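> Give me a model of this one.
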Amino acid sequence: MTQEKRIIEYIAQHGAITPFEAFEMGITRLAACVHTMRRNGIPVVTETVESVNRYGDKVRFARYKIAGGVPGCFTP
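Numbering: from 1, shown residues only. Coordinates of the predicted model:
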């Protein structure tokens, strides 16, 4: 299974994916995969999320979704 297919499957099950979640799946370059997916016509939407890390510092990271959800799948 390609990394792009794994990302689509994950988004279908969970609604979105972050770089940390992708890293746990062995995908270390999520943004590169998203770029490829967009180039192949998949409407990936980027949402910037603000949070606080374990040291109390404010951080920002991307959360990726597929516009309109994954075809044929219910996304929460």
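
> helices and strands around the lengthiest helix in the chain, which ones?
The longest helix of the chain (DSSP state H) is helix 3-14. Under the contact definition 3 or more CB pairs under 8 Å, 6 or more residues apart in numbering; DSSP states H and E, helix 3-14 sits against helix 19-24, helix 30-39, strand 58-66. (C-beta placed from N, C-alpha, C; glycine too.)

> in it, what's buried?
Q3, R6, I7, I8, Y10, I11, A12 (16 or more other CB atoms under 10 Å).

> returning to what we had before: closest to E50 out of the helices and strands packed on helix 3-14?
Closest of those to E50 is strand 58-66, at 5.4 Å (criterion: CB to CB).

> tell me what that closest one is packed against?
Strand 58-66 is packed against helix 3-14, helix 19-24, helix 30-39, strand 44-52, with contacts defined by 3+ CB pairs under 8 Å, 6+ apart.

> Can I get the ones you listed in CSV including mean pLDDT?
Shown next, in CSV, are those (pLDDT from 0 to 100):
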stretch, mean pLDDT
helix 3-14, 95
helix 19-24, 97
helix 30-39, 96
strand 44-52, 97
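
> Can you lay out the ones you listed as a markdown table showing distance to A67?
Output for the helices and strands packed on strand 58-66, formatted as a markdown table (distance: least, CB to CB, whole Å):
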| stretch | distance to A67 |
| --- | --- |
| helix 3-14 | 11 |
| helix 19-24 | 19 |
| helix 30-39 | 11 |
| strand 44-52 | 5 |
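
> Tally up the residues packed near the residue lying closest to E50 once chain neighbours are set aside, please.
In space, and not counting its chain neighbours, E50 is closest to R60: 5.4 Å by CB to CB, 6 or more residues apart in numbering. R60 has 8 neighbouring residues, counting by other CB atoms under 10 Å.

> With D57 instead?
The local packing of D57 (other CB under 10 Å) involves 8 other residues.

> can you tell me how far it sits from T2?
Using CB to CB, to the nearest Å, we find D57 at a distance of 35 Å from T2.

> Beta-bridge partners for the residue most central in space within the chain, please?
Per CA atoms, centre = their mean, the C-alpha nearest to the average position across the chain is that of I17, at 3.1 Å. When bridges are called by DSSP bridges, I17 pairs up with Y64.
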